[in-house]
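**Student:** below are the sequence and a predicted model for it; my questions follow.
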Amino acid sequence: MKSIKLSKKTEAVLQVEELSVSFVQYTKGLQQKNLRVISSLNIDIHPGEVLAVVGSSGSGKSLLAHAILGILPSNATVEGKISYKGETLTPKKQQQLRGQEIALVPQSVNYLDPLMRVGKQVRTSVKDADPIKAQREVFARYHLKPEVENLFPFQLSGGMARRVLVSTAVVSGAELIIADEPTPGMDTASVQEAIKCFRKLADDGAAVMLITHDIETALKIADRIAVFYAGTTVEVAPVKDFKGKGEELRHPYSKALWRALPQNDFIPIKGFQPLPSALPSGCLFEPRCNLATSHCSKVQPQARIIRNGMVRCIHAT
């Protein structure tokens, strides 16, 4: 099935259609099995847009980023289609674009080269400006003192290391920026500066994918929110729909996630997200859903466009 596209004035920079990611695993007796951790995942992102990807741990957010960049481990199998500017992202193309037109702000600070001073690492990402000037300006923006440029990664605190990673993406001039949980460990001022910078990058024409657990932070800068659950997209909605009691949202999980926030009703979601080895045969949220019927347990719902948003739920109106 082709992914459903929402109407946009510009062509998508990134188009992910029916993406599935499986990993080969060995059980007792060296029996081989394929563990599918992402299935039928669809998103798109356009120039000038911040798309926030939210969901609990294990929902497939970081794996999506790694699939786009072509940095999944060797035991992974990828199905479906990932396109960049209308061209299929082959492994060769991914290697050419990675760190150039597509930049990653990774979740782990281990992506920093432990043997290179951090100032030099940031300068290697500068393409169209004076590297030293660009690096020093971005460090000042993120409250990194001048002497930090001469430090090695092991000499940085966790928050400092994350600010260096954000700096690297900011100076790269990339057209697609994937920020995977970029702000944990930062102080409040640095968090605000970082998210403002991502918003400015989008306003200047870049496409920004912000992967985060923090819906509140996402709402401050995003244009749309993609809600992930158990390895698939259950809803993509405009930011304006995240308000009140969640009446404008389409999927029961999105509504439950919204109402579970402390500033809303603080109502916990019953049950647990299923493990990849024990996925339901029908709707992935069916075991936890108050609206579930017998039909919901049979087939995973197809993606539909409702009220200018995408949803996978037969009950959505």
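**Tutor:** Received the coordinates, thanks. If you're wondering where the values come from, they're calculated on a predicted model, not measured in any experiment.
**Student:** where does the stretch 1-150 of the chain dip in pLDDT?
**Tutor:** Low-confidence segments of the stretch 1-150 of the chain (pLDDT under 70): 1-9.
**Student:** show me where it has its strands.
**Tutor:** For the stretch 1-150 of the chain, applying DSSP state E, counting those that start in this stretch gives strands covering 14-26, 32-45, 50-54, 76-84, 87-88, 102-105.
**Student:** what residues sit buried inside the last one?
**Tutor:** Residues of strand 102-105 classed as buried under the neighbour-count rule (16 or more other Cβ atoms under 10 Å) are 102, 103, 104, 105. C-beta: built from backbone N, CA, C; applies to glycine.
**Student:** contacts only, for the closest residue to the second one other than its chain neighbours.
**Tutor:** Translated: residue 103. Nearest residue to residue 103, sequence neighbours excluded (Cβ to Cβ, 6 or more residues apart in numbering): residue 174, at 3.6 Å. Contact analysis of residue 174 by Cβ atoms under 8 Å, 6 or more residues apart in numbering lists 100, 101, 102, 103, 206.
**Student:** quick one: pLDDT of residue 174?
**Tutor:** Looking at residue 174, its pLDDT reads 93.
**Student:** so it, which state does it fall into?
**Tutor:** Following DSSP: H, G, I helix; E, B strand; the rest coil, the label given to residue 174 is coil.
**Student:** from residue 26, how far out is it?
**Tutor:** 38 Å (Cβ to Cβ, to the nearest Å).
**Student:** same question for residue 162.
**Tutor:** Applying Cβ to Cβ, the value for residue 162 to residue 26 is 35 Å.
**Student:** so for the two, which sits in the more crowded spot?
**Tutor:** More crowded of residue 162 and residue 26, by other Cβ atoms under 10 Å: residue 162, with 27 against 10.
**Student:** and the more buried one, its phi and psi?
**Tutor:** phi -70, psi -40 (degrees, to the nearest 10).
**Student:** identify the residues contacting it.
**Tutor:** Contacts of residue 162 by Cβ under 8 Å, 6+ apart are 109, 182, 183, 184, 185, 186.
**Student:** returning to that earlier point: need the strands of the stretch 1-150 of the chain in a markdown table (columns: distance to residue 126).
**Tutor:** What follows is the strands of the stretch 1-150 of the chain, written out as a markdown table (distance: least, Cβ to Cβ, whole Å):
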| stretch | distance to residue 126 |
| --- | --- |
| strand 14-26 | 23 |
| strand 32-45 | 24 |
| strand 50-54 | 23 |
| strand 76-84 | 22 |
| strand 87-88 | 26 |
| strand 102-105 | 12 |
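**Student:** for these, which one sits closest to residue 228?
**Tutor:** Nearest to residue 228 among the strands of the stretch 1-150 of the chain is strand 50-54; the distance by Cβ to Cβ comes to 6.2 Å.
**Student:** now the closest one: how far from the chain's centre is it?
**Tutor:** 6 Å (Cα atoms, centre = their mean, to the nearest Å).
**Student:** one more: stretch 219-226?
**Tutor:** Worked out by Cα atoms, centre = their mean, stretch 219-226 lies 12 Å from the chain centre.
**Student:** in that stretch, what's buried?
**Tutor:** 221, 222, 223, 224, 225, 226.
**Student:** circling back: and the buried residues of strand 102-105, which is closest to residue 21?
**Tutor:** Distances from residue 21 to these, taken by Cβ to Cβ, are shortest for residue 104, at 16.8 Å.
**Student:** what's the closest non-adjacent residue to that closest one?
**Tutor:** Residue 104 sits nearest to residue 178 (Cβ to Cβ, 6+ apart), 5.1 Å away.
**Student:** give me the contacts around whichever strand or helix holds that neighbour.
**Tutor:** Using DSSP states H and E, the element containing residue 178 is strand 176-180. Strand 176-180 is contacted from outside by 13-14, 45, 61-62, 65, 68-69, 84, 101-107, 166, 169, 198, 201, 206-211, using Cβ under 8 Å, 6+ apart.
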